[in-house]
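**Q** here's a sequence, model it:
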Amino acid sequence: MRHFIVTLALTAACGTPKIVSIDSLDAGDDDAADAAIPCPGVGISKGPWALAIDETTAKVRWEACRSQTDRTLTFTPEQGGAPMTSVAAETSTVIANTYGAPLNPSATPDYAGTWYMEEASLSGLKADTCYTYVAAADTGRKGRFCTARAPGSPIRFLAIGDTNPALGDSTVNVLTHTLPKNPDFSVHLGDIQYYDSTLETWALWATKMQPLLSAGAFLPSIGNHESEKPDELTNYTLRYFHGAGFGGTDQYYSFHSGGVFFFVLDTELPTDGTSAQVQWLVPQLDAATKTPGFRFSIVYFHKPFVTCGDTGDNPAARAYMEPLLIQYKVPLVLQAHMHGYERIEFPKITYVTSAGGGGRMGNVNGNVTRAYCGQRVASGDFFHGLVVDVTTGKLSAQAIDDTGAVRDSFEKVVP
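**A** Below you'll find the model as predicted:
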């Protein structure tokens, strides 16, 4: 087990210098032989969270550090009704490496050892209905989800990207001001957790983000920081969030609510016309337009197709995809990666970069000479989440910052 002493200055998310002093800290990158996992209480370590929501089914998942004797989940319609139960299926995974947060001794490490995933498959649900749920083994582990809304019904969702809750209070403050809006579900635009910040582990992330996980279904896209460790994508991101939607794979998928179809892409995979995910996407976009009750579609992913900020854009993907997005009625594209906010309005499509979930702010004007930047109508280097409402004939959105202020808002006429 390796130890070291570090004293240095950090700049927190709010910009205030902080002195961090660490001694005898386990660096933990490859120590498979670490001590047994600390496992207090009944052993539930993360969650719960909901995913794979449609009109009549849902999944609720949570992690435990020991095999569970009571895996019962009780769920009840939010507006009242008889409670129902489901017994979760348990699967175990052996994790070889312990990963710590070298600059944050208070962060619980992601320990090597055997971990248990519990998954309750719920069926016979009512469409257009929100449910609360609670784990019988620990009644403090609870949450809510809403089944898919009927075509034409209003929906509300939260979009957030690049969350780094160990880096100051910005992530938590954004959630404090957006979650009271009661979104049906949350879409994460990638870079869910940052080992690279050296302040954070998945164990810390899960604790800080539990209010979001409990607020509605969690439907993430994959970012580049989901693979900071050789086994992270498989043993963490996909172990937690595989099967979040329908069709495709664990890394790209779709879901729907209220007649709106959502398509989630992985920009760590190829996005050209010959790639597997684009070959999957195009016929799915077409099929959605032919589904009874279809209104329009939304596409979201991590690395931007267009941005005037300090990251690369993807002109080849845009050139190929944009005519298809227009053809198949996609008026809104959500993206992240460039740490900040921007809205770029093209004649048929609005691109919103919503990557202010807590990661250190970037330079939103780093590439303003790109040809399309004259069509950027709003931008800023502020922490935020995007609350999106779809109502009759209208899509509206508010970018709400970590103080609760609305920093941008817009409306679009939609079917």
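**Q** G124 touches T56, doesn't it?
**A** Yes. Assessed by C-beta atoms under 8 Å, G124 is found in contact with T56 at 6.5 Å. (C-beta placed from N, C-alpha, C; glycine too.)
**Q** so these two - more neighbours on which side?
**A** T56 (14 against 8; other C-beta atoms under 10 Å).
**Q** need the nearest residue in space to the more buried one, chain neighbours excluded.
**A** L125 (4.9 Å; C-beta to C-beta, 6 or more residues apart in numbering).
**Q** give me the phi and psi for the one you found.
**A** L125 adopts backbone torsions of phi -80, psi 160, taken as degrees, to the nearest 10.
**Q** what ranges does the stretch 301-415 of the chain have for its strands?
**A** Secondary structure of the stretch 301-415 of the chain by DSSP state E, counting those that start in this stretch: the strands cover 332-335, 341-345, 350-354, 376-380, 384-391, 394-401, 406-413.
**Q** buried deepest among those, which one?
**A** With neighbours taken as mean count of other C-beta atoms under 10 Å, these reach their highest mean count in strand 332-335, at a mean of 26.
**Q** chain center to that one: distance?
**A** 14 Å (C-alpha atoms, centre = their mean, to the nearest Å).
**Q** list of residues touching it?
**A** For strand 332-335, contacts defined as C-beta atoms under 8 Å, 6 or more residues apart in numbering pick out 159, 161, 187, 189, 298-305, 307, 325, 349-355, 386, 388, 395, 412.
**Q** next, the buried residues of stretch 141-150.
**A** 141-149 (16 or more other C-beta atoms under 10 Å).
**Q** okay if I get those residues as a markdown table plus pLDDT, distance to A378 and secondary structure?
**A** Below are the buried residues of stretch 141-150 laid out as a markdown table (pLDDT from 0 to 100; distance: C-beta to C-beta, whole Å; DSSP: H, G, I helix; E, B strand; the rest coil):
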| residue | pLDDT | distance to A378 | secondary structure |
| --- | --- | --- | --- |
| R141 | 98 | 39 | strand |
| K142 | 98 | 37 | strand |
| G143 | 98 | 33 | strand |
| R144 | 98 | 31 | strand |
| F145 | 98 | 31 | strand |
| C146 | 98 | 29 | strand |
| T147 | 98 | 33 | coil |
| A148 | 98 | 31 | coil |
| R149 | 98 | 28 | coil |
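**Q** need those in a markdown table (columns: distance to N314).
**A** Formatted as a markdown table, the buried residues of stretch 141-150 follow (distance: C-beta to C-beta, whole Å):
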| residue | distance to N314 |
| --- | --- |
| R141 | 40 |
| K142 | 40 |
| G143 | 35 |
| R144 | 36 |
| F145 | 33 |
| C146 | 33 |
| T147 | 35 |
| A148 | 31 |
| R149 | 32 |
